[in-house]
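Peer 1: return a 3D structure for these sequence lines:
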Amino acid sequence: MFQTDFSPAEFTARCRRVLEAIGSDAVALIQGAEKETSHDLFRQTNDFYYLCGVEVPHAYLLLDGRSKACSLFLPHQSRRQIENEGEILSADNVETTRALTGVDAVYGIEELSRFIDGAKLLYTPLRMAEGAMMSWDTLQNGQREVFSDPWDGRLDRMRWFVALLRQRCPATEIRDLAPILNELRFIKSPCEIELLRMAGRLSALGVIEAMRSTRPGAWEYQLDAVMRYIYLVNGARDAGYRAIIASGANIRFGHYRANNAQLTDGDLVLVDCAPDYHYYTSDIGRMWPVNGRYSAVQRELYGFVVAYHKAFLDLIRPGVTAEQITAEAAERMRGVVEVTRWSKPIYAQGARDALKWAYHMTHPVGMAVHDVGHYRGKPLQPGVVLTLDPTLRVPEEQLYIRSEDTLLITEDGYENFTAAAPLELDDVEATIRQAGMLQGFPAMRGQARDRHSAAHLRPRSATTTRPASEFADESMQVWPRTQRTNAPAVPGAYLPAVLARAYQGLCACCARLDRVFCQSLRNPADPASRPSSCHPLFRLQLRSDASHSPCSTLGLASWACLSTLLSVPGARSSPG
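Peer 2: Predicted coordinates:
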């Protein structure tokens, strides 16, 4: 019903700091997320969750500087909702909600108006609320596209809420609460650091499994899949943002997210990913060779970026600015650039340009991957979490080389949350040589989207000879993969093989009938129409000819499946 990562006392302390910031003549009103309209799991907005931890749609939190009271306004829950979805915090269970959240009072949302009427000053966030896989910059960019669309231009939910407040409270001055919340969220508490540490650990383990699973012929989305498996099996809600899995020419795009290209021998693959772990995320970036061995040029360029990365790590500390650290790292690497025997002049120039770039320490990380808060021009403080992301660009060859880690600034230096992922080139190559999860999957090992080819459905042994200790991180209780063990042959042990052969029979049947059905669906006015453009689903649904009816097609397919099953040695047959 309620989260267990933060105590009610921590939420109360956060609300008290907001009350101190707004003063005794103002109120602060924070709107929670609306109910999801898809089948996805509800996720609260970051600001609302940060202040009270309540995961209920259409909730409101009022912090009243006049009375110093913190009040929740929640919807009522109908009996039908309880029967269908289970009980959640609501205006109907006041004492339970107060005990779990630490707020002073709980009301129904219909009572909110009387608490804000007459307020002279009202604070509310004047920026769009972050939800699943969202950051303030992605929200701004998306809304900019909406405003620029001449057939759209609608208001986002934040602007609509502010418009309602101004309409219903015309005498109230409305100010932006976002700067106050940004400052609070910028310095992480010990409980937040624990969640960020876990998110970073899962990010690194996901990258390790992606490295192990990389082989020529695999697909970018398959690496995404094995990383998300690591996240989900260890308690994450999902990915913290759409992963970047860019191979070959796709690496030149800074935020490539199609993830639909096939990995090619000789190419590099760039991976940038993280989970959404209990509302906190991370950020990591690594590049490695698809074939498992860096070429001379790849080693030259990525090796420089790794060396630059390590120079930063030697210099990061509290009490100095990011700009000062960047200048010191560039000075340290300047001699390296000049003594290196670059294979091309454009590579040397790319390295020199990298030393001029001022933003290798890129952005804060927290509840969002591009989190709120600013550290530019200010000394770094303990409790700040940010990314280190040195990059090198060679525009003449459309190359974009980078590596990234998430760091916590501590009293005496830093802690690298994503350090478990190999950074050194030799360590990366050794990791790729290890057996990967993807190669153990029994299905979709070849052209995954070819529905007429079943050649890739080769059942594999569901065993491993590697001890479970190699996969476990005992200290974090993190398990990168599910272990499979040897088992004696028992009834049903050959079921995967049987099903695969049955599917092959179905695919073969469809392939044989493909030409006949597609001919029947040609557009008579377009003799150039091709049978391959006909989707199998349409063949089953649209053909009404008696000689090739849906029943006939399904009958043949069923007979192919049944024949395949009956042909397996030891399978039972029946008179029917």
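Peer 1: so where do the helices sit in the stretch 301-450 of the chain?
Peer 2: 322-339, 345-356, 425-432, 437-440 (DSSP state H, counting those that start in this stretch).
Peer 1: ok, now the stretch 151-300 of the chain?
Peer 2: So, for the stretch 151-300 of the chain - with DSSP H, counting those that start in this stretch - the helices run 157-168, 178-186, 190-213, 220-233, 296-315.
Peer 1: list the buried ones in the stretch of helix or strand Arg16 belongs to?
Peer 2: In the assignment (DSSP states H and E), Arg16 maps to helix 8-22. For helix 8-22, a neighbour-count test (16 or more other C-beta atoms under 10 Å) marks Pro8, Glu10, Phe11, Thr12, Arg14, Cys15, Val18, Leu19, Ala21, Ile22 as buried. For every residue, glycine as well, the C-beta is placed using N, CA and C.
Peer 1: stretch 68-83 now?
Peer 2: Ala69, Cys70, Ser71, Leu72, Phe73, Leu74, Pro75, Gln77.
Peer 1: which SSE is immediately downstream of the helix holding Arg16?
Peer 2: strand 26-31.
Peer 1: in that next one, which residues are buried?
Peer 2: Those would be Ala26, Val27, Ala28, Leu29, Ile30, Gln31, for strand 26-31 by 16+ other C-beta under 10 Å.
Peer 1: each with direction, which strands does it pair with?
Peer 2: The strands beside strand 26-31 in its sheet (DSSP bridges) come out as strand 60-64 (antiparallel), strand 121-124 (parallel).
Peer 1: dump those to TSV, plus mean neighbour count, mean pLDDT and distance to Ala258.
Peer 2: Output for the strands paired with strand 26-31, formatted as TSV (neighbours: other C-beta atoms under 10 Å; pLDDT from 0 to 100; distance: least, C-beta to C-beta, whole Å):
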stretch	mean neighbour count	mean pLDDT	distance to Ala258
strand 60-64	23	99	39
strand 121-124	20	98	37
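Peer 1: mind putting those strands into CSV with distance to Cys273?
Peer 2: Output for the strands paired with strand 26-31, formatted as CSV (distance: least, C-beta to C-beta, whole Å):
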stretch, distance to Cys273
strand 60-64, 32
strand 121-124, 33
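Peer 1: I'd like to know which of those strands lies nearest to Ala204.
Peer 2: strand 60-64 (34.9 Å; C-beta to C-beta).
Peer 1: least confident secondary structure element in the protein?
Peer 2: helix 536-542 (a mean of 32; mean pLDDT, DSSP states H and E).
Peer 1: related to what we said a few turns ago, rounded mean pLDDT for the helix holding Arg16, please.
Peer 2: Helix 8-22 shows a mean pLDDT of 98.
Peer 1: which elements pack onto it?
Peer 2: Helix 8-22 makes packing contacts with strand 26-31, helix 46-52, strand 60-64, strand 69-74, helix 94-101, helix 178-186 when contacts are defined by 3 or more C-beta pairs under 8 Å, 6 or more residues apart in numbering; DSSP states H and E.
Peer 1: any idea which of the helices of the stretch 151-300 of the chain is most buried?
Peer 2: Across those, the average number of neighbours (mean count of other C-beta atoms under 10 Å) peaks for helix 190-213, which reaches a mean of 24.
Peer 1: then it to PDB, C-alphas only?
Peer 2: C-alpha atoms of helix 190-213 as PDB (Å, rounded to 0.1, in the frame of the first residue of the first chain):
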ATOM      1  CA  PRO A 190      21.500   8.900   3.100                       C
ATOM      2  CA  CYS A 191      18.400   7.000   2.100                       C
ATOM      3  CA  GLU A 192      18.400   8.500  -1.400                       C
ATOM      4  CA  ILE A 193      22.100   7.600  -1.700                       C
ATOM      5  CA  GLU A 194      21.300   4.000  -0.900                       C
ATOM      6  CA  LEU A 195      18.700   3.900  -3.700                       C
ATOM      7  CA  LEU A 196      21.100   5.600  -6.100                       C
ATOM      8  CA  ARG A 197      23.900   3.200  -5.200                       C
ATOM      9  CA  MET A 198      21.600   0.300  -6.100                       C
ATOM     10  CA  ALA A 199      20.400   1.900  -9.300                       C
ATOM     11  CA  GLY A 200      24.100   2.400 -10.300                       C
ATOM     12  CA  ARG A 201      24.900  -1.200  -9.500                       C
ATOM     13  CA  LEU A 202      22.100  -2.500 -11.600                       C
ATOM     14  CA  SER A 203      23.200  -0.200 -14.400                       C
ATOM     15  CA  ALA A 204      26.700  -1.700 -14.300                       C
ATOM     16  CA  LEU A 205      25.400  -5.300 -14.100                       C
ATOM     17  CA  GLY A 206      23.100  -4.600 -17.100                       C
ATOM     18  CA  VAL A 207      26.000  -3.400 -19.100                       C
ATOM     19  CA  ILE A 208      28.100  -6.400 -18.100                       C
ATOM     20  CA  GLU A 209      25.400  -8.700 -19.400                       C
ATOM     21  CA  ALA A 210      25.000  -6.700 -22.600                       C
ATOM     22  CA  MET A 211      28.800  -7.100 -23.100                       C
ATOM     23  CA  ARG A 212      28.600 -10.900 -22.600                       C
ATOM     24  CA  SER A 213      25.600 -11.100 -24.900                       C
END
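Peer 1: off-centre distance for that helix?
Peer 2: 12 Å (C-alpha atoms, centre = their mean, to the nearest Å).
Peer 1: what of stretch 161-178?
Peer 2: 34 Å.
Peer 1: same question for stretch 180-193.
Peer 2: Worked out by C-alpha atoms, centre = their mean, stretch 180-193 lies 21 Å from the chain centre.
Peer 1: please work out which residues outside it touch it.
Peer 2: With contact meaning C-beta atoms under 8 Å, 6 or more residues apart in numbering, stretch 180-193 is reached by 5-7, 10, 14, 17-18, 21-22, 46-47, 50, 123, 125, 196, 280, 364, 366-367, 371-375, 381, 383-385, 408.
Peer 1: report pLDDT for Arg512.
Peer 2: 47.
Peer 1: for Arg80, see how far away Ser38 is.
Peer 2: Here the criterion is C-beta to C-beta, to the nearest Å. By it, Ser38 lies 20 Å from Arg80.
Peer 1: sorry, wrong one. I was asking about Leu177.
Peer 2: 35 Å.
Peer 1: next, the contact list for Val369, please.
Peer 2: Contacts of Val369 (C-beta under 8 Å, 6+ apart): Ser135, Gly240, Tyr241, Ala274, Thr281, Ser282, Asp283, His363.
Peer 1: so can I have TSV of those showing pLDDT?
Peer 2: TSV is the format used below for the contacts of Val369 (pLDDT from 0 to 100):
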residue	pLDDT
Ser135	95
Gly240	98
Tyr241	97
Ala274	98
Thr281	99
Ser282	99
Asp283	98
His363	96
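Peer 1: inside strands: which ones of those?
Peer 2: Of those, the ones assigned to strands by DSSP state E are His363.
Peer 1: surely Ile409 and Lys378 touch.
Peer 2: No. Using C-beta atoms under 8 Å, Ile409 makes no contact with Lys378, being 11.6 Å away.
Peer 1: if you count surrounding residues, which of these two has more?
Peer 2: Ile409 (22 against 11; other C-beta atoms under 10 Å).
Peer 1: ok, that one - contacts?
Peer 2: Ile316, Arg317, Pro318, Leu380, Gln381, Pro382, Gly383, Val384, Val385, Leu386.
Peer 1: what's the first one sitting at in phi/psi?
Peer 2: According to degrees, to the nearest 10, the main-chain angles of Ile316 amount to phi -70, psi 130.
Peer 1: and it, how many neighbours?
Peer 2: Around Ile316 there are 21 residues (other C-beta under 10 Å).
Peer 1: give the contact list for it.
Peer 2: By C-beta under 8 Å, 6+ apart, the neighbours of Ile316 are Ile325, Met361, Leu380, Leu388, Leu407, Ile409, Gly413, Tyr414.
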